[in-house]
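Participant: Following is a predicted model, sequence given first.
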Amino acid sequence: MTLLQHSPNLSAPWDPSAPRHAALSRTGHTAVAVVLGFIFVLGFLGNFVALLVFSRYPVLRTPVNLLLINISASDMLVCIFGTPMSFAASVRGRWLTGSYGCRWYGFSNALFGIVSLISLSLLSFERYSAVVHSVPSDSSQFGRARFAVAASWLYSLAWTLPPLLGWSSYGPEGPGTTCSVQWDRQSPTARSYVSCLFTFCLLLPLLLMLFCYGRIIMAVRTVTKQSAAERREGRVLLMVVSMVTSYLVCWLPYGVVAMLFSFGRPGAVPPVASLVPSLLAKTSTVLNPVIYVLLNKQVPDNQIKHVQVLYSLGNCSGQTQRWSPSK
């Protein structure tokens with residue numbers, strides 16, 4: 001069973017009906033469409049339930065959870081504006097919305113993805129401040145959390161708008177059924193953008209997370225007897241670290257492949273190597289809400305059961321009982 005067929009002319013101008021990178025066989029396109037279909041359904045339902053829980057229970061609207069809401073919202077936007085376009089393209093075996101649709105797809109997916117990563121790094125700093133420096137939990141934290149949410153969007157915009165303005169560009173990726181920054185452009189301008197994007201949107205946030213969580217682990221290990229509040233902090237820490245780990249597992253391969261495209265020799269990255277990390281990156285929209293529901297002890301048990309129903313049957317039935325947090 002052949003999944004890949006090499007395109008004879010990799011340098012020809014892009015035609016939406018003829019991918020300019022590597023052509024997938026019909027079987028390959030079908031396999032990608034199936035994977036994208038699962039990612040869309042599970043990602044949409046999971047983030048929808050997470051946002052529904054946040055809206056239904058005011059007790060969950062804490063400064064920490066405000067950043068989690070931001071992550072769920074950005075993941076939901078990927079499911080709405082990104083995944084359906086690549087799914088439809090894979091079903092048809094070619095990109096369907098032309099160059100303008102391709103640029104929109106590349107821009108929006110980059111925007112929402114960077115928002116999630118920056119939110120996770122800011123979340124790690126918030127946990128670091130609370131645990132290591134014992135920053136008190138008061139109303140001022142909500143102001144800082146709102147500022148952090150706004151900053152994550154502005155920061156992401158600052159790095160995703162330049163390709164629309166001439167610093168690098170958005171274009172077809174892999175077999176031509178998805179679009180992204182054109183990593184394979186090896187001009188000095190394109191390489192400088194990829195280097196900055198990798199450094200400021202992946203590497204530096206990762207270093208901030210490692211520093212913050214490393215200090216938190218050191219602080220927790222010095223505590224001989226944990227209070228109830230400290231145990232709650234430990235559960236929140238486990239949840240956030242799990243989200244960070246899953247995000248990096250999903251996105252780090254994509255970042256490495258992008259750097260190889262930009263700085264490696266032409267043809268150094270096989271077509272499969274450019275396709276698999278792209279699909280893996282999209283699974284981050286599925287993992288975040290699952291980790292949140294499973295590890296957040298504030299989420300009522302009946303909501304967890306609803307999530308299990310959603311993921312097994314594709315819909316949620318039954319009425320949600322009223323819940324009050326235990327003391």
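Facilitator: Received it, and whenever you're ready, just let me know what you need.
Participant: How is residue 278 classified with respect to secondary structure?
Facilitator: helix (DSSP: H, G, I helix; E, B strand; the rest coil).
Participant: buried stuff in the strand or helix carrying residue 88?
Facilitator: Per DSSP states H and E, residue 88 falls inside helix 83-92. Residues of helix 83-92 classed as buried by neighbour count (16 or more other CB atoms under 10 Å): 83, 85-87, 89-91. Quick note: C-beta positions are derived from backbone N, CA and C, even for glycine.
Participant: continuing past that helix, what's the next helix or strand?
Facilitator: Sequence-wise, the next helix or strand downstream of helix 83-92 (DSSP H and E) is helix 98-131.
Participant: Pass me the low-pLDDT residue ranges in the stretch 101-250 of the chain, would you?
Facilitator: Counting by pLDDT under 70, the stretch 101-250 of the chain shows low-confidence ranges at 135-139, 221-236.
Participant: So which residues of it form strands?
Facilitator: Secondary structure of the stretch 101-250 of the chain (DSSP state E, counting those that start in this stretch): strands at 170-173, 178-181.
Participant: Would you give the sheet partners of the last one, along with the direction of each?
Facilitator: Partner strands and pairing direction for strand 178-181 (DSSP bridges) are strand 170-173 (antiparallel).
Participant: who touches the partner strand?
Facilitator: Residues outside strand 170-173 that contact it (CB atoms under 8 Å, 6 or more residues apart in numbering): 14, 19-21, 95, 99, 102-103, 105-107, 110, 163-164, 178-183, 274, 278.
Participant: Restrict these to the buried ones and give me that as a PyMOL selection.
Facilitator: Selection of buried members from these for PyMOL, criterion 16+ other CB under 10 Å:
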select buried, resi 14+19+20+21+95+102+103+105+106+107+110+163+178+179+180+181+182+183+274+278
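Participant: follow-up on the earlier one: same for the helix holding residue 88, what does it pack against?
Facilitator: Applying 3 or more CB pairs under 8 Å, 6 or more residues apart in numbering; DSSP states H and E, one finds that helix 83-92 contacts helix 26-56, helix 98-131.
Participant: cutoff 7 Å now
Facilitator: helix 26-56 (3 or more CB pairs under 7 Å, 6 or more residues apart in numbering; DSSP states H and E).
Participant: In PDB, list the C-alpha atoms belonging to the helix or strand just after the helix it packs on.
Facilitator: Proceeding N to C from helix 26-56, the next assigned helix or strand is helix 63-81, under DSSP H and E. C-alpha atoms of helix 63-81 as PDB (Å, rounded to 0.1, in the frame of the first residue of the first chain):
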ATOM      1  CA  PRO A  63      -6.900  33.300  38.100                       C
ATOM      2  CA  VAL A  64      -5.200  30.000  37.200                       C
ATOM      3  CA  ASN A  65      -8.200  28.700  35.400                       C
ATOM      4  CA  LEU A  66      -8.600  32.000  33.500                       C
ATOM      5  CA  LEU A  67      -5.400  31.000  31.600                       C
ATOM      6  CA  LEU A  68      -6.800  27.500  31.200                       C
ATOM      7  CA  ILE A  69      -9.900  29.000  29.700                       C
ATOM      8  CA  ASN A  70      -7.700  30.900  27.300                       C
ATOM      9  CA  ILE A  71      -6.000  27.700  26.200                       C
ATOM     10  CA  SER A  72      -9.300  25.900  25.700                       C
ATOM     11  CA  ALA A  73     -10.700  28.900  23.700                       C
ATOM     12  CA  SER A  74      -7.600  29.000  21.400                       C
ATOM     13  CA  ASP A  75      -7.800  25.200  20.900                       C
ATOM     14  CA  MET A  76     -11.500  25.500  20.100                       C
ATOM     15  CA  LEU A  77     -10.700  28.100  17.500                       C
ATOM     16  CA  VAL A  78      -8.200  25.800  15.900                       C
ATOM     17  CA  CYS A  79     -10.900  23.100  15.700                       C
ATOM     18  CA  ILE A  80     -13.300  25.600  14.100                       C
ATOM     19  CA  PHE A  81     -11.100  27.500  11.700                       C
END
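Participant: by how many degrees do helix 63-81 and helix 98-131 diverge?
Facilitator: Helix 63-81 and helix 98-131 are oriented at 170 degrees to each other (axes from the mean of the first three to the mean of the last three CA atoms, to 10 degrees).
Participant: what separates helix 63-81 from the chain centre, distance-wise?
Facilitator: Computed by CA atoms, centre = their mean, to the nearest Å, the separation of helix 63-81 from the middle of its chain amounts to 9 Å.
Participant: Residue 240 is in contact with residue 121, isn't it?
Facilitator: No: under the criterion of CB atoms under 7 Å, residue 240 is not in contact with residue 121, lying 10.6 Å apart.
Participant: Please identify which of these two sits among more neighbours.
Facilitator: Neighbours per residue (other CB atoms under 10 Å) separate residue 240 from residue 121, with residue 240 holding more: 26 against 23.
Participant: Run the angle between the helix ranked longest in the chain and helix 98-131 for me.
Facilitator: Longest helix in the chain, counting residues (DSSP state H): helix 228-263. For helix 228-263 against helix 98-131, the angle between stretch directions is 150 degrees (the same axes, to 10 degrees).
Participant: Check the offset of helix 228-263 from the chain's centre.
Facilitator: 10 Å.
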